[in-house]
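Chemist: can't give you the sequence, but here's the structure:
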């Protein structure tokens, strides 16, 4: 009861705080209302307006039936008629939590049944995690209720039980809006994983986020308190929740940025989690949901694969805001690119429209077959205009303007953020460093924190390609920074052309769903390929261990999706399906299946052949002979 009282008191306070933030945004209207044709204009400079992530309290293709299908980026036509009963909300509020109504409980998924038995947010908001952490695994396993806690409900706290390969240990996923982290946060995470020895490590994820591994349940309450003390949270980062809010990794320092995405992503995260106290109104979605705010012409944020993407645009009056894309997603059975909602919102309405889209999805989304519960399935069913009207209905009396002209340039060569680059701030540079397939150990995290403090301002930026940027480096310190052993030995600012864009999911080293090992294999295959061919430009190669495609193979130039294959003797072995042709940027396009069921041990010559035929690579022996 006490937690509930505190929560609702906070929600009232949060509304006031949000209002003050909107007033702060409104105070910036004079520059926002000035239409500009200059390519280097910037909105919301952090020097004049900064919304920090407030410290939380210390409390608890159908080319094959089994392969992915790329959906064309064409909005589905509106349904000729949608019965009024279909637009009746399927959930209702009970005692502060949102639950599925009785009449819609037939045919629901096992995960929905778990949510009905006990709302997962209660483990956090009512202190259940502290009681659970005191129980032995034997006690937990003897009760279906608590077994569901550790395998399903704890994902609402960002805790994923590694039952299959590391029984009793958890991966913890954080919230890190816009991928901005501090040296103190990095040191704290390093201290957590160090105690777990070989089981402890960290990953930079494809959503600009930290994941730490090796966590055991008895330590969780203390870890949650430690996260709060350094301004971090893991709340609502897994299962049927909103994932980390992604933005421009160069926000606020990019000479060519359109808008600083950090304030918006901070607000989005604070709203989604009620500033880390827990927001049950947004935590019972039909499935996971991704959001990003685009801040540059480079589209570093990959808006076409998000459920909601904010694309910077001025309306006809020159007022700054965002066009909206909706419905982008990846899954084991289907992949779809986001489509235009044909809607523009002002900068003031970033949170209200996010709330409205989420409520429409929460209220109307299907909750049966988990492969058909992402938001695009609802858009398909209703039609884009009906879905738009349902969003508008939840906008508190406001009408959505139709989409305006994007500020993002259609013809733009995507820039490389690795290496040394000048910032918009005179005398400062940012240094992008390569983290091989995103894997980091505790000592390396400590060293990164030291470098951020000694050479920058104690800040690090994570990217969706699993790399890290050190911003705000005084130019006089660049030479010394580049000579640091960590940057010379492992985390190079100038990796090879094939290594620099290499991405890999967790793989079966830790993940029970992965069919193959990915991270070490991705590095090994790439090293062997580089010995045989030379490329003249980066080729983005992504690895994912299973069809859930956490490694996002559909946006890669070359994608490798784990599967079981047959070798030359007909024996089952780890293999991959190969995808080709994924594009990112304004001409985005999802990759298509190229070759199916290739044994991993036979992969190197096939990749070499692909690079020569499709990407202009040159065989190294021929190259040396010509020289």
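Modeler: On my side now, so go ahead. Values in this document were obtained by computation on a predicted structure and should not be read as measured data.
Chemist: now for the nearest residue to residue 315 once chain neighbours are set aside: which residues touch it?
Modeler: Leaving aside its chain neighbours, residue 315 sits nearest to residue 404 (4.7 Å; criterion: CB to CB, 6 or more residues apart in numbering). Just so you know, the C-beta spots here come from the backbone N, C-alpha and C atoms, and that holds for glycine as well. Neighbouring residues of residue 404 by CB atoms under 8 Å, 6 or more residues apart in numbering: 313-316, 321, 323, 344.
Chemist: for residue 251, same thing?
Modeler: Contacts for residue 251 (CB under 8 Å, 6+ apart) come out as 46, 178, 180, 257, 260-262, 295.
Chemist: can you do 6 Å?
Modeler: Residues in contact with residue 251, defined by CB atoms under 6 Å, 6 or more residues apart in numbering, are 260-262, 295.
Chemist: likewise for residue 470?
Modeler: For residue 470, counting by CB under 6 Å, 6+ apart, the contacting residues are 431, 452, 456.
Chemist: which of those sits closest to residue 111?
Modeler: The closest of the contacts of residue 470 to residue 111 turns out to be residue 452 (CB to CB; 39.1 Å).
Chemist: any of the contacts of residue 404 buried? List them.
Modeler: In the contacts of residue 404, burial by neighbour count holds for 313-315, 321, 323, 344, counting by 16 or more other CB atoms under 10 Å.
Chemist: and of the contacts of residue 470, the nearest to residue 497?
Modeler: Looking across these and measuring by CB to CB, the closest to residue 497 is residue 431, at 18.6 Å.
Chemist: can you tell me the element that closest one falls in?
Modeler: Taking DSSP states H and E as the criterion, residue 431 maps to strand 428-433.
Chemist: from the contact counts, what lies against that strand?
Modeler: Applying 3 or more CB pairs under 6 Å, 6 or more residues apart in numbering; DSSP states H and E, we find strand 428-433 packed against strand 419-422, strand 468-474.
Chemist: quick one: pLDDT of residue 331?
Modeler: If you check residue 331, the pLDDT there is 81.
Chemist: so what's residue 155 up against?
Modeler: 238-239.
Chemist: SS state for it?
Modeler: helix (DSSP: H, G, I helix; E, B strand; the rest coil).
Chemist: ignoring the adjacent residues along the chain, who's closest to residue 290?
Modeler: Leaving aside its chain neighbours, residue 290 sits nearest to residue 306 (4.5 Å; criterion: CB to CB, 6+ apart).
Chemist: ok, that neighbour - how many residues close by?
Modeler: Residue 306: 26 surrounding residues under other CB atoms under 10 Å.
Chemist: then residue 192?
Modeler: With other CB under 10 Å as criterion, residue 192 counts 23.
Chemist: so of the helices and strands packed on strand 428-433, which one's packed in deepest?
Modeler: strand 468-474 (a mean of 21; mean count of other CB atoms under 10 Å).
Chemist: mind listing the strands that strand pairs with, and their directions?
Modeler: strand 428-433 (antiparallel), strand 459-462 (antiparallel) (DSSP bridges).
Chemist: one step back: so how far is residue 344 from the residue nearest to residue 315?
Modeler: The gap separating residue 404 from residue 344 is 5 Å, by CB to CB, to the nearest Å.
Chemist: list residues touching both of the two?
Modeler: 313, 315.
Chemist: what is the end-to-end distance of stretch 122-136?
Modeler: Its first and final residues considered, stretch 122-136 spans 20 Å by CA to CA, to the nearest Å.
Chemist: find the nearest non-adjacent residue to the residue most central in space within the chain, please.
Modeler: The centroid of the chain falls nearest to residue 207 when counting by CA atoms, centre = their mean (2.5 Å). Leaving aside its chain neighbours, residue 207 sits nearest to residue 244 (4.4 Å; criterion: CB to CB, 6+ apart).
Chemist: report the contact partners of the one you found.
Modeler: 175-176, 207, 209.
Chemist: switch to 7 Å and redo it
Modeler: 175-177, 207-209, 237 (CB atoms under 7 Å, 6 or more residues apart in numbering).
Chemist: buried set for stretch 454-464?
Modeler: 455-456, 458-464.
Chemist: looking at those residues, which is nearest residue 374?
Modeler: residue 464 (19.2 Å).
Chemist: nearest to residue 98, of the strands paired with strand 468-474?
Modeler: strand 459-462 (31.3 Å).
Chemist: what's the offset of that closest one from the middle of its chain?
Modeler: In terms of CA atoms, centre = their mean, to the nearest Å, the centre of strand 459-462 is found 15 Å from the chain centre.
Chemist: swap in stretch 221-230?
Modeler: 22 Å.
Chemist: tell me the mean pLDDT over it?
Modeler: Rounded mean pLDDT across stretch 221-230 is 98.
Chemist: before we move on, back to that, of the helices and strands packed on strand 428-433, which is nearest residue 612?
Modeler: Using CB to CB, the nearest of these to residue 612 is strand 419-422, at 26.9 Å.
Chemist: pairing partners for that closest one, with directions?
Modeler: When DSSP bridges is applied, strand 419-422 pairs with strand 428-433 (antiparallel).
Chemist: picking that back up, now the residue nearest to residue 290: how far from residue 328?
Modeler: For residue 306 relative to residue 328 (CB to CB), the value is 5 Å.
Chemist: please apply the same query to residue 362.
Modeler: Taken as CB to CB, the span from residue 362 to residue 328 is 18 Å.
Chemist: looking at those two, which is more packed in?
Modeler: Neighbours of residue 362 and residue 328, each counted by other CB under 10 Å, are more numerous for residue 328; the result is 27 against 20.
Chemist: excluding chain neighbours, what is closest to that one?
Modeler: residue 338 (3.2 Å).
Chemist: residues contacting that neighbour?
Modeler: 303-304, 306, 309, 325-328.
Chemist: residue 212 too?
Modeler: Contacts of residue 212 (CB under 7 Å, 6+ apart): 172, 189, 192-193, 202.
Chemist: buried among those? Need that as a selection in PyMOL.
Modeler: Buried residues among these (16+ other CB under 10 Å), as a PyMOL selection:
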select buried, resi 172+189+192+193+202
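Chemist: list just the nearest of the contacts of residue 212 to residue 391.
Modeler: residue 172 (32.9 Å).
Chemist: list the pairing partners of the helix or strand containing the closest one within its sheet, with orientation.
Modeler: Here residue 172 is covered by strand 169-173, with elements defined by DSSP H and E. When pairing is defined by DSSP bridges, strand 169-173 lines up against strand 159-161 (antiparallel), strand 210-216 (antiparallel).
Chemist: residue 432 versus residue 505, what's the distance?
Modeler: Taking CB to CB, one finds residue 505 at 22 Å from residue 432.
Chemist: likewise residue 379?
Modeler: 36 Å.
Chemist: one step back: Throw the contacts of residue 470 into a markdown table and include distance to residue 590 and pLDDT, thanks.
Modeler: Formatted as a markdown table, the contacts of residue 470 follow (distance: CB to CB, whole Å; pLDDT from 0 to 100):
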| residue | distance to residue 590 | pLDDT |
| --- | --- | --- |
| 431 | 32 | 98 |
| 452 | 36 | 98 |
| 456 | 37 | 98 |
